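**Q** need a structure here:
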Amino acid sequence: MLKQVNFKNKKVLILGLGVTGVSAFKYLQSRGAKVIVIDDLSADKLPADVLDLVQDCEAQFFGGEIPPDDLMTITDLLVVSPGVSSSHIVYKEALTQGVEIKNDINLFLDEWNCSNRVVGVTGSNGKSTIVSLLGHIMESCGIAHKVAGNLGNSPLDFLTENKLTGDEVIVLELSNYQLELFNSDYFVDIAVITNISNNHLTRYGGSIESYAEAKGNIIKSNHTSLIVEGDNEGIQKYILPIVKPKDLYKVSLSIKDYDASETGIYSDNDGNLVFRSSKGKNEIVFDNVSDRKLFGRHNLYNIGDAILVCKLLDINSGTVSEPIRNFEGLAHRIQFVAESNGIRFINDSKSTSPDATVKAVESLSNGKNIILIAGGVSKVDHYREWRKIFSENIRNTILLPGNASDQIIEEARVGNYVKVDNMQEAVSKAFESAKEGDVVLLSPGAGSQNLFKDFNERGTEFMKFVNVIIDNE
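**A** Predicted coordinates for the structure are as follows:
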């Protein structure tokens, strides 16, 4: 069994009562901490169950209420939720006062204390798919494991509920926000950095270098084995120069970029995925690549990443192909919704960056047959990389409200487009302009918070109105 960390009589301040903040609260109370909570939302806007949970804590400050000046002088630890910016007044005060700052992943690793191997998956796109695929493979192979992190649940829940023995493989999806608080004390044994693209740059003042640096924190030199998508320009430019992993493995599907001297997974002339060992031995690890439910070329990289993780975990290669073939993927990620009159409807609401939308379009296009629903809250400084997909693949564009739509019109050289006020109108306009052989694709390339709670709600709304229109035909 794991040895519990003792927080008895320690004063811990939690900033943010979202999913991870609530998990941190439960964990810290179970370990004896005296917990104080702060959330920028007023009490009447917080869920009733959250208010009930924290009602007996040491102190509560909601809706911008200013804590006493001496609060930081009596605080032993500040625990922040992933979305909290370092510019937050409480965060800045903790830095000024020298208060230790951690997040839920730090707390988990403190107690896990290298009990068994930890796999960390980060990058701009593909994280959730790879983590979920790894969980699916391990479940199929009977390997004790837990999956958590930015996927939607905190690993602290496993500790609070005493669900870990220490023998499990831990698979964590890690965002750049979570990795910002990784220092030399925190690391994973196997790291996957999928790709680096123009995403979340508003948090870093437009600096992709700072964004990549946060991703690179997942590596501890001379310890971590690193898996990267070797064909990705962002990986080549921003990650490989700043990390010095113990071992480096590449997934490279571009024949022209194939380097037979490197260890990793490559695509041979027949399209098979081939593992090349450090000793130069080649092994086909995934053949007949079209026989899979996880479609799209970008998902071949995700599959290659997952196979390399399994190799490093000593999972028999012969046992992983079948789970990979039958893995259907995640909701809101190039998810088939319906087909009507030869028109396919695809929900890719999770695509909140321009690069993710490009991958979705490339996976689905057959000439200019895409009716694209895009737009929302911009997270990037430009959409110039969309010019090629608009000229080659997209026939009509439906733009949702938000500042991203104006950027798209100006920078992506959109041809035919119409602006709408809501998802119902977007689906209706898309249906009107689509014809047999077309794909109506929701792939916004932007955030959702101006109209929806999150990408899940946005995708659910899309699917609802698609089904309403089809049922009423």
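**Q** Going by C-alpha atoms from here, please, whenever you check contacts or count neighbours.
**A** OK.
**Q** residue contacts, residue 303?
**A** 130, 324 (C-alpha atoms under 8 Å, 6 or more residues apart in numbering).
**Q** and it, what element?
**A** helix 297-312 (DSSP states H and E).
**Q** Might you report the residue contacts of residue 150?
**A** Counted by C-alpha under 8 Å, 6+ apart, residue 150 has contacts 172, 173, 174, 175.
**Q** Let's verify residue 250: helix, strand, or coil?
**A** Following DSSP: H, G, I helix; E, B strand; the rest coil, we place residue 250 in the strand state.
**Q** Make residue 1 into 2 and carry on from there
**A** Understood, numbering begins at 2; the last thing we discussed is residue 251.
**Q** residues in contact with it?
**A** Shown in contact with residue 251 (C-alpha under 8 Å, 6+ apart): 228, 229, 230, 231, 263, 264, 265, 266.
**Q** What is the nearest of these to residue 247?
**A** residue 228 (11.0 Å; C-alpha to C-alpha).
**Q** chain center to the helix holding residue 304: distance?
**A** With C-alpha atoms, centre = their mean, to the nearest Å as the basis, helix 298-313 stands 16 Å off its chain's centre.
**Q** coming back round to it: which of the contacts of residue 251 ranks first by neighbour count?
**A** Highest neighbour count within these: residue 266, with 31 neighbours (other C-alpha atoms under 10 Å).
**Q** give me the element that residue is part of.
**A** strand 265-268.
**Q** The helix holding residue 304 - what's its average pLDDT?
**A** Across helix 298-313, the average pLDDT comes to 94.
**Q** Identify each buried residue in it, please.
**A** Residues 298-312 are the ones in helix 298-313 that count as buried (16 or more other C-alpha atoms under 10 Å).
**Q** Stretch 447-457 now?
**A** 447, 448, 449, 452, 456, 457.
**Q** which SS class is residue 173?
**A** Once three-state DSSP is applied, residue 173 turns out strand.
**Q** quick one: contacts for it?
**A** Shown in contact with residue 173 (C-alpha under 8 Å, 6+ apart): 119, 120, 121, 122, 132, 148, 149, 150, 151.
**Q** between the buried residues of helix 298-313, which is nearest residue 73?
**A** residue 310 (41.9 Å).
**Q** quick one: low-confidence parts of the stretch 102-251 of the chain?
**A** For the stretch 102-251 of the chain, the stretches flagged by pLDDT under 70 are 200-203.
**Q** rerun at 90
**A** 125-127, 152-153, 185, 198-209, 222-223, 245-247 (pLDDT under 90).
**Q** Return the alpha-carbon coordinates of the helix holding residue 304 using CSV.
**A** Provided in CSV are the C-alpha atoms of helix 298-313 (Å, rounded to 0.1, in the frame of the first residue of the first chain):
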residue,chain,number,x,y,z
ARG,A,298,-3.9,10.0,-40.8
HIS,A,299,-3.3,12.0,-37.7
ASN,A,300,-4.7,9.0,-35.7
LEU,A,301,-1.9,6.8,-37.1
TYR,A,302,0.5,9.1,-35.2
ASN,A,303,-1.6,8.6,-32.1
ILE,A,304,-1.6,4.8,-32.6
GLY,A,305,2.2,4.9,-33.1
ASP,A,306,2.6,6.9,-29.9
ALA,A,307,0.5,4.3,-28.0
ILE,A,308,2.4,1.3,-29.4
LEU,A,309,5.7,2.9,-28.4
VAL,A,310,4.4,3.4,-24.8
CYS,A,311,3.4,-0.3,-24.8
LYS,A,312,6.9,-1.3,-26.0
LEU,A,313,8.5,0.7,-23.2
